[in-house]
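> following is a predicted model, sequence given first.
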Amino acid sequence: MSTIEAYDIKAKKKVSMNNPKPYLMKNGSWALKGTSSETGINLFKIVGRQKPVIGQSRFEAFKNLFTSRQCECEKQC
């Protein structure tokens with residue numbers, strides 16, 4: 001997954017965003033919400049009219065880990 005950078009007001013520079021989540025604004029544009037890796041404040045980055053594709057969330061990865069495994073009886077459980 002590529003790192004998403006946004007401008008941090010406190011640090012006065014671009015920093016990587018932790019836990020980015022897509023957010024649909026009232027005007028139909030998409031943005032990313034997350035927290036700063038340096039100061040921990042909320043970051044907001046407008047990305048455009050198309051929904052951003054972010055790597056698999058921790059919940060989806062955890063869910064896939066248990067739903068796609070095979071048990072000892074060679075069947076998919």
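Looks like it arrived, so ask away. Numbering: from 1, shown residues only.
> so who does residue 23 touch?
30-33, 44 (Cβ atoms under 8 Å, 6 or more residues apart in numbering). (C-beta placed from N, C-alpha, C; glycine too.)
> same thing but at 6 Å, please
By Cβ atoms under 6 Å, 6 or more residues apart in numbering, the residues touching residue 23 are 31, 33.
> for it, name its beta-bridge partners.
Following DSSP bridges, residue 23 is listed with bridge partners residue 31.
> and it, how far from residue 12?
24 Å (Cβ to Cβ, to the nearest Å).
> pretty sure residue 22 is touching residue 52, no?
Yes. Under the criterion of Cβ atoms under 6 Å, residue 22 makes contact with residue 52 at 5.3 Å.
> quick check: neighbours shared by the two?
With Cβ under 6 Å, 6+ apart, residue 22 and residue 52 have common neighbours residue 30.
> count the neighbours of residue 26 for me.
Residue 26 has 5 neighbouring residues, counting by other Cβ atoms under 10 Å.
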